[in-house]
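# A structural model of the following input is requested.
(one chain, ligands or ions: 1)
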Amino acid sequence: MSLEPNFEHLRARAVESLFHHLADACVGLIVVDRDARIAWIGDRYLELLGYSGNPDDALGRPVEEVIPNSQMRHVVESGQSMLLDLMDIKERTIVVTRLPLREDDGTLIGAIGFALFDRADRLRPLMSKYQKLQEELHRTRQELAQERRAKYSLSQMIGNSDPMREVKRLARRAAQLDSTVLLLGETGTGKELLAHGIHAASPRAGAPFVGVNVAAIPENLLESELFGVAPGAYTGADRKMREGKFQLADGGTLFLDEIGDMPLPLQAKLLRVLQEREFEAVGSNKVVRVDLRIIAATSRDLDALVRERQFRADLYYRLNVVPITLPPLRDRTEDIGSIADRILDDLAFTAAAPSRELTAGAIAVLEDYDWPGNVRELRNVLERVSAMTDDPALTRDHIRAALPRTAGPAAGGDVPLRSAEGGTRPLSDVLKDTERAAIVGALSRTGGVKAKAAKLLGISRASLYERMEALGIKEDAQGAV
Ligand SMILES: Nc1ncnc2c1ncn2[C@@H]1O[C@H](COP(=O)(O)OP(=O)(O)OP(=O)(O)O)[C@@H](O)[C@H]1O
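Sure thing, here's the model as predicted:
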């Protein structure tokens, strides 16, 4: 489009006077060419910079030789403007704007920069508030990252038996791959510990490790806990977006513990995340993309759950990419002594007390026991022994006194079949006592954790509560046997 001659004149004058006005009003004005060499620089700018040479000598020199922290080169290289930036010159902070200069056909020929205020004082209160917030954010992020970082490494996984060596070998290999890992094994075998270890040995180690116990979260809250909630998604929802665990774990590892307890409707949503790495928050239709590794764990028999149609087969295959099965303690008795030593050291450290030793007899008793609650139960027993005696050496008798007397949930060996008078007791009484012993035994083995005790007994959490009430077993019944 051709302009009227007087318009063209007007435009040329506007550009010219703008340039002069800016040169007057600004503390600094600078023009550089395509190679970031100074084509023009205002005297006041040179003065501010403390430049003592001849102003003409500055021309043609690379901009950084005159303004060491200049960003003009970045503007000519990227072709992007920097509309508002702060630059420190000596003790002063000035506000600068940098714009690329182009020919009419768009060819980049250089850049122009102005220091718009001679003092950034007016912006100071705003800037210091901003800086303080930035610092706070940085600190909080660091603390959070520290918190989310894996707490344990693979070296904390004690055990030199063949099965444990194989587990650690698989875990190291899984750490290097980015695939989904499925950890299987009885309760208390160290699945969570191993998940931390895999994350810590993986390239994602610097990013968050976020764990979720699927069984511990009520079903109606699980979706929002995992996927987050959009602002105002339901009455009472936050006005801001609440991030779910998937977003919190972005870049890192998400550990889904007790995956076998995932409700069916959510299994479909999880499957989609595994396939496409995307999902929508509750109450939102905006797709969120994440980049994370999933480690899932369960002590339940997933094959059986699939057969019973409680677990989706397609989800099972997606999770079962790198399966690792943790062996029960009874299948690696040679590890018991070294794990027990480590636990005793931990306990002594926590209590700031001297460490205890296990006699050979004590180790033999530990090795002889069946350990249905695995390493967690071993820890509970050693805690109990430590509380029972101050002796520095723990003997066979100490251990025997702390081990549950019932050998397993189904055993009723200690329940008397005859009454005090010598007569046969009614079957209903014997059954009740047997049931009580089994429940108290399971609670003892799991340190009072009811979800786990229910699992050991093969009943639901709700029926455990029901049976405890019916049999008059107190909530804190662990260790009662
Ligand atoms: N090999 C091991 N060496 C040292 N400590 C271990 C080992 N295995 C497990 N532990 C400890 O035993 C306890 C139980 O382990 P963890 O919670 O990892 O088991 P889990 O298999 O995830 O149990 P659950 O299925 O019940 O959730 C933890 O205190 C853990 O640190």
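
# phi, psi for Val181 please.
When quoted as degrees, to the nearest 10, the phi and psi of Val181 stand at phi -120, psi 140.

# any idea how far whatever residue of the stretch 51-200 of the chain ends up closest to the ligand is from Gln156?
For the stretch 51-200 of the chain, the residue positioned closest to the ligand under CB to the nearest ligand atom is Gly190, at a distance of 2.6 Å. In this view, the C-beta of every residue, glycine as well, is placed from N, C-alpha and C. To Gln156, Gly190 is 10 Å away according to CB to CB, to the nearest Å.

# coming back round to it: number of nearby residues for the residue of the stretch 51-200 of the chain closest to the ligand?
Other residues near Gly190 come to 25 when the count uses other CB atoms under 10 Å.

# what residues does it make contact with?
Neighbour list for Gly190: Met157, Leu326, Asn374, Val375 [criterion: CB atoms under 8 Å, 6 or more residues apart in numbering].

# Arg330 now?
Contacts for Arg330 (CB under 8 Å, 6+ apart) come out as Asp370, Trp371.

# ok, Ser272 - contacts?
For residue 272 the amino acid is Arg, not Ser. With CB under 8 Å, 6+ apart, Arg272 has these contacts: Glu278, Phe279.

# what of Ile109?
Residues in contact with Ile109 (CB under 8 Å, 6+ apart) are Asp33, Arg34, Leu101, Arg102, Glu103.

# which residue sits closest to the residue in the stretch 251-400 of the chain positioned nearest to the ligand, ignoring its sequence neighbours?
For the stretch 251-400 of the chain, the residue closest to the ligand is Val375, as judged by CB to the nearest ligand atom, at 3.6 Å. Nearest residue to Val375 in three dimensions, chain neighbours excluded: Gly188, at 5.3 Å (CB to CB, 6 or more residues apart in numbering).

# in the protein, which helix is the longest?
Longest among the helix segments of the chain by residue count, using DSSP state H, is helix 124-148.

# identify the residues contacting that helix?
Outside helix 124-148, the residues touching it (CB under 8 Å, 6+ apart) are Leu86, Thr93, Ala120, Gly206, Ala207, Pro208, Phe209, Val210, Leu248, Gly252.

# residues near the residue of the stretch 251-400 of the chain closest to the ligand, how many?
Under the neighbour criterion other CB under 10 Å, Val375 is assigned a count of 25.

# ditto for the one 10 residues further on
Residues within reach of Val385, counting by other CB under 10 Å, total 24.

# tell me the contacts of the residue nearest to it when sequence neighbours are not counted?
Distances taken as CB to CB, 6+ apart put Ala402 closest to Val385, at 4.4 Å, once the chain neighbours are dropped. Taking CB under 8 Å, 6+ apart as the criterion, Ala402 is in contact with Val381, Leu382, Arg384, Val385, Met388.

# buried ones among these?
Burial by neighbour count, 16 or more other CB atoms under 10 Å: within the contacts of Ala402 this picks out Val381, Leu382, Arg384, Val385.

# I'd assumed Arg396 was in contact with the last one.
No: in this structure, Val385 sits apart from Arg396 without contact. The criterion is CB atoms under 8 Å, and the distance is 11.2 Å.

# and after the longest helix of the chain, which helix or strand comes next?
Using DSSP states H and E, the helix or strand that follows helix 124-148 towards the C-terminus is helix 162-176.

# quick one: that next one to chain centroid distance?
22 Å (CA atoms, centre = their mean, to the nearest Å).

# is that helix positioned near the ligand?
No: contact between helix 162-176 and the ligand is absent, the nearest approach being 6.6 Å (criterion: CB under 6 Å from any ligand atom).

# enumerate the residues of the stretch 101-250 of the chain near the ligand.
With the criterion set to CB under 6 Å from any ligand atom, the stretch 101-250 of the chain comes near the ligand through Met157, Ile158, Gly159, Gly185, Thr187, Gly188, Thr189, Gly190, Lys191, Glu192, Leu193.

# mind checking which of those residues are in helices?
Lys191, Glu192, Leu193.

# dump those to JSON lines, plus pLDDT.
Output for those, formatted as JSON lines (pLDDT from 0 to 100):
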{"residue": "Lys191", "pLDDT": "96"}
{"residue": "Glu192", "pLDDT": "95"}
{"residue": "Leu193", "pLDDT": "94"}
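
# what about burial for these, which qualify?
When burial is judged by neighbour count using 16+ other CB under 10 Å, the buried members of those are Lys191, Glu192, Leu193.

# by mean pLDDT, point me to the weakest helix or strand of this protein.
The helix or strand of the chain with the poorest confidence is helix 124-148; it has a mean of 74 (mean pLDDT, DSSP states H and E).

# off-centre distance for that helix?
Using CA atoms, centre = their mean, we find the averaged C-alpha position of helix 124-148 to lie 20 Å away from the chain's own average C-alpha position.

# how about stretch 344-361?
Chain-centre distance of stretch 344-361: 31 Å, with CA atoms, centre = their mean.

# now Phe279, what are its backbone angles?
On the backbone of Phe279 - angles per degrees, to the nearest 10 - the values are phi -160, psi 170.

# spit out the contact partners of Leu154.
Going by CB under 8 Å, 6+ apart, Leu154 touches Lys168, Ala171, Arg172, Ala175, Leu194, Gly197, Ile198, Ala200, Ala201.

# any idea how far Leu248 is from the closest residue to the third one other than its chain neighbours?
Counting by CB to CB, 6+ apart, the nearest residue to Arg172 once its immediate chain neighbours are dropped is Ala201, at 6.1 Å. Between Ala201 and Leu248 the computed distance is 21 Å (CB to CB).

# tell me the helix or strand right after whichever strand or helix holds Leu382.
Leu382 is part of helix 374-388 when elements are defined by DSSP H and E. The element immediately downstream of helix 374-388 (helix or strand, assigned by DSSP H and E) is strand 393-394.

# how about residues contacting whatever helix or strand Glu16 lives in?
Taking DSSP H and E as the definition, one finds Glu16 inside helix 5-25. The set of residues that contact helix 5-25 without belonging to it, under CB under 8 Å, 6+ apart, is Leu3, Leu29, Gly42, Phe114, Leu116.

# now render the residues you listed as a markdown table, adding pLDDT and neighbour count.
Formatted as a markdown table, the entries for those read as follows, by pLDDT from 0 to 100; neighbours: other CB atoms under 10 Å:
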| residue | pLDDT | neighbour count |
| --- | --- | --- |
| Leu3 | 54 | 10 |
| Leu29 | 86 | 22 |
| Gly42 | 85 | 20 |
| Phe114 | 85 | 21 |
| Leu116 | 70 | 16 |
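
# would JSON lines of those with secondary structure be doable?
Converted to JSON lines, the contacts of helix 5-25 look like this (DSSP: H, G, I helix; E, B strand; the rest coil):
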{"residue": "Leu3", "secondary structure": "coil"}
{"residue": "Leu29", "secondary structure": "strand"}
{"residue": "Gly42", "secondary structure": "coil"}
{"residue": "Phe114", "secondary structure": "strand"}
{"residue": "Leu116", "secondary structure": "coil"}
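
# among the contacts of Ala402, which are in reach of the ligand?
Checked against the ligand using CB under 6 Å from any ligand atom, the contacts of Ala402 yield no neighbours at all.

# pretty sure Gly206 sits in a strand.
No: counting by three-state DSSP, Gly206 is not found in a strand; it is coil.

# and the top strand by length along the chain, what does it pack onto?
Assignment by DSSP state E gives strand 92-102 as the longest strand of the chain. For strand 92-102, the helices and strands in contact under the criterion 3 or more CB pairs under 8 Å, 6 or more residues apart in numbering; DSSP states H and E are strand 28-33, helix 72-78, strand 82-89, strand 108-115.
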